[in-house]
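Chemist: structure of the sequence below:
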Amino acid sequence: MKATQKPLFFIAGATAMLLLFFLWNSLTKKTEEKVQNDYYIITNQIRKMNKMVVMEQDFSSMQKTKITSQLLGSSLLPSTEKEIITFTKTNAQVTYDLSKMNIKVDSINKKLIIKELPNADIRIIPSVEIQSMDDSFFNRFSDKDFQKITKSAKDNAYKTVNQNRLRAEGRKQLLENLDQIFVLAKALNYQIEDQTGQLDVSKL
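Modeler: Predicted coordinates for the structure are as follows:
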């Protein structure tokens, strides 16, 4: 009896060890597959966002300019006045190039690390059109006058655009795009770590 019990104990022990090995192997494999799937899902979402975000605003304004000069350039003659009305259309753009984001996915420690965010690029494009002008035969508008008036209208357009407001609205749009990644990361139990100092992680 004792001789037959030893092989049985050995077989039972070996069977138990094999079962534990296969169970451990199965659990480890499932964990590794889940880690890889989570990593793929997040990195794929980041790749999908590598695009240009552009916000535009349009402004328009009228400007009346009067130029007074002496008739024939002589102080002895009466002065004459010429007038021009310009219409300025201004297109203002704030752009974020999301391909310049640097986001690291640490699948081992389950962290989404924000290393770098793109800066806003603001472009202001004014276009000046002459609506009407009133001059005389003796006091015509010169090319120099037109250049000066156009420059003045464009300078006025640059001052009209509120660049701080544009940046704020552009940043809001940037955060809305990033929120797609953050929501996904949190759903997969990833911790979000900001190394840029530009995000309030407590509100994410």
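
Chemist: which helix or strand contains Ser60?
Modeler: Assigned by DSSP states H and E, Ser60 belongs to strand 52-70.

Chemist: same question, Arg171
Modeler: Using DSSP H and E, Arg171 falls in helix 163-187.

Chemist: can you give me the buried ones in that helix?
Modeler: Using 16 or more other C-beta atoms under 10 Å as the burial criterion, the residues of helix 163-187 that qualify are Leu166, Gly170, Leu174, Leu175, Leu178, Ile181, Phe182, Leu184, Ala185. No exception for glycine: its C-beta is placed from N, CA and C like everyone else's.

Chemist: what strands line up against the one helix or strand Gln93 maps to, and which way round?
Modeler: Element membership of Gln93, judged by DSSP H and E, is strand 79-97. Strand 79-97 pairs in its sheet with strand 52-70 (antiparallel), strand 121-134 (antiparallel), by DSSP bridges.

Chemist: among the ones you listed, which is nearest Asn91?
Modeler: Closest approach to Asn91 among the strands paired with strand 79-97 (C-beta to C-beta): strand 121-134, 4.6 Å.

Chemist: could you give the angle of the closest one to helix 163-187?
Modeler: For strand 121-134 against helix 163-187, the angle by axes from the mean of the first three to the mean of the last three C-alpha atoms, to 10 degrees is 150 degrees.

Chemist: to the chain's geometric centre, what's the distance from strand 121-134?
Modeler: Distance of strand 121-134 from the chain centroid (C-alpha atoms, centre = their mean, to the nearest Å) equals 27 Å.

Chemist: on that earlier part again, name the helices or strands packed onto the helix holding Arg171?
Modeler: helix 2-48, strand 52-70, strand 79-97, strand 111-116, strand 121-134, strand 191-194 (3 or more C-beta pairs under 8 Å, 6 or more residues apart in numbering; DSSP states H and E).

Chemist: run through this protein and note the low-pLDDT ranges.
Modeler: 1-34, 69-79, 136-139, 204 (pLDDT under 70).

Chemist: domains for it, by residue range?
Modeler: Following automatic domain parsing, the chain resolves into domains at 1-48, 51-203.

Chemist: winner for burial among the ones you listed?
Modeler: domain 51-203 (a mean of 14; mean count of other C-beta atoms under 10 Å).
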